[in-house]
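Engineer: Pasting the sequence and the predicted model now:
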Amino acid sequence: MCAFVMVAEDDTKQAELVRRYLRREDHSVLVVCDGRAAVDEVRSRRPDLLILDVMMPRMDGLDVIRTLRRDYDLPVLMVTARSTAEDKLAGFDLGVDDYLTKPYDPRELMARVRSLLRRARSSDGPVVLPLRVGPLALDQIRHEVRLLERRIECTPAEFRILEALMSSPGRVFSRSQLLEQAHGRDSFVTERTVDAHVKNLRRKIETDPRTPVYLQTVYGIGYKMAGHG
């Protein structure tokens with residue numbers, strides 16, 4: 001599963017270590033050392049995966065994600081020395097797909113890279129019709145979500161959660177089921193990340209995220225997609 005991976009890391013020794021491990025698995029690798037360069041190179045080179053440090057010069061990792069998610073849905077693995085739950089949820093809320101705290105074992109990094117690449121490529125398969133719930137439509141082939149024909153930008157994890165919910169309107173999905181849908185069985189993240197993904201989706205598709213019409217909470221269990229005829 002060869003891919004083009006971009007590494008945004010201002011620690012040159014750490015960046016070189018990550019590059020060596022990626023090259024061992026035959027990935028093409030581009031290393032940049034500041035946030036602005038990361039944004040510019042994603043726009044011009046379109047990598048398959050971005051490994052992104054939080055603390056970088058010119059533009060930090062969270063601002064990089066905030067900028068890129070306006071136009072791109074590439075998988076993003078964030079690495080950082082910040083280890084609190086609030087820091088991690090802030091990253092997931094912006095659209096990060098996975099999160100690794102420094103110092104980390106490079107073998108764990110590569111396991112997460114493989115997981116993200118598998119999830120990104122698992123959409124290859126037979127042609128299926130778009131899913132529709134009222135004016136909300138999800139096209140699995142084009143990887144697009146539209147509400148009243150307005151395109152809604154979603155991260156890969158958000159898209160997969162919405163796909164699961166829209167495939168069975170009215171069915172209640174537990175957080176663990178949605179976590180597996182979003183990040184796979186070999187996920188290294190917690191069920192709380194599902195809440196962050198759903199919160200982000202509500203901001204994008206609900207008129208009033210505080211009183212959701214589509215993505216409804218089933219307290220003590222998880223979430224469901226309300227049917228709209």
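Structural biologist: Structure's in. What do you need?
Engineer: any weak-confidence spans in the protein?
Structural biologist: 1, 83, 122-129, 185-189, 228-229 (pLDDT under 70).
Engineer: Kindly list the longest helix within it.
Structural biologist: The residue-count maximum for a helix in the chain (DSSP state H) belongs to helix 106-121.
Engineer: who are the neighbours of that helix, in terms of helices and strands?
Structural biologist: helix 12-24, strand 49-53, strand 76-80, strand 98-101, helix 156-167 (3 or more CB pairs under 8 Å, 6 or more residues apart in numbering; DSSP states H and E). The C-beta positions use only the backbone N, C-alpha and C, and glycine is treated the same way.
Engineer: Show residues contacting the longest one.
Structural biologist: The set of residues that contact helix 12-24 without belonging to it, under CB atoms under 8 Å, 6 or more residues apart in numbering, is Val5, Val7, Glu9, Val29, Val31, Cys33, Ile51, Pro106, Arg107, Leu109, Met110, Val113.
Engineer: Who are the contact partners of the residue positioned nearest the centre of the chain?
Structural biologist: The residue lying closest to the centre of the chain (CA atoms, centre = their mean) is Asp97, at 3.1 Å. By CB under 8 Å, 6+ apart, the contact set of Asp97 is Pro75, Val76, Leu77, Leu116, Arg119, Thr155, Pro156, Ala157, His183.
Engineer: For the last one, the count of nearby residues, please.
Structural biologist: What that stands for is His183. Residues lying near His183 (other CB atoms under 10 Å) number 24.
Engineer: Touching, it and Arg119? I think so.
Structural biologist: Yes - using CB atoms under 8 Å, His183 is in contact with Arg119, at 6.9 Å.
Engineer: CA atoms only for stretch 17-24, dumped as CSV, please.
Structural biologist: What follows is stretch 17-24 as a C-alpha-only set of coordinates in CSV (Å, rounded to 0.1, in the frame of the first residue of the first chain):
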residue,chain,number,x,y,z
LEU,A,17,13.3,9.2,11.7
VAL,A,18,9.7,9.4,10.5
ARG,A,19,11.0,9.6,6.9
ARG,A,20,13.2,6.5,7.3
TYR,A,21,10.3,4.5,8.7
LEU,A,22,7.9,5.6,5.9
ARG,A,23,10.5,4.8,3.2
ARG,A,24,10.9,1.3,4.7
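Engineer: now do the same end-to-end measure for stretch 172-190.
Structural biologist: Terminal residues of stretch 172-190 lie 19 Å apart, using CA to CA, to the nearest Å.
Engineer: Let me see the residues that make contact with it.
Structural biologist: Residues outside stretch 172-190 that contact it (CB under 8 Å, 6+ apart) are 92, 97-100, 108, 111-112, 115, 118-119, 157-158, 160-161, 163-165, 191, 193-195, 197-198, 218, 221-224.
Engineer: Just the buried residues of the longest helix of the chain, please?
Structural biologist: By neighbour count on 16 or more other CB atoms under 10 Å, the buried set for helix 106-121 is Leu109, Met110, Arg112, Val113, Ser115, Leu116, Leu117, Arg119, Ala120.
Engineer: Only C-alpha atoms, please: export that helix in PDB.
Structural biologist: Provided in PDB are the C-alpha atoms of helix 106-121 (Å, rounded to 0.1, in the frame of the first residue of the first chain):
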ATOM      1  CA  PRO A 106       7.800   4.800  15.500                       C
ATOM      2  CA  ARG A 107       6.300   1.400  15.100                       C
ATOM      3  CA  GLU A 108       3.000   2.700  16.600                       C
ATOM      4  CA  LEU A 109       3.200   5.700  14.200                       C
ATOM      5  CA  MET A 110       3.500   3.300  11.300                       C
ATOM      6  CA  ALA A 111       0.500   1.200  12.500                       C
ATOM      7  CA  ARG A 112      -1.600   4.300  12.600                       C
ATOM      8  CA  VAL A 113      -0.400   5.300   9.100                       C
ATOM      9  CA  ARG A 114      -1.400   1.900   7.800                       C
ATOM     10  CA  SER A 115      -4.800   2.200   9.500                       C
ATOM     11  CA  LEU A 116      -5.500   5.600   8.100                       C
ATOM     12  CA  LEU A 117      -4.500   4.600   4.600                       C
ATOM     13  CA  ARG A 118      -6.600   1.500   4.700                       C
ATOM     14  CA  ARG A 119      -9.600   3.500   5.800                       C
ATOM     15  CA  ALA A 120      -9.000   6.200   3.100                       C
ATOM     16  CA  ARG A 121      -8.900   3.500   0.400                       C
END
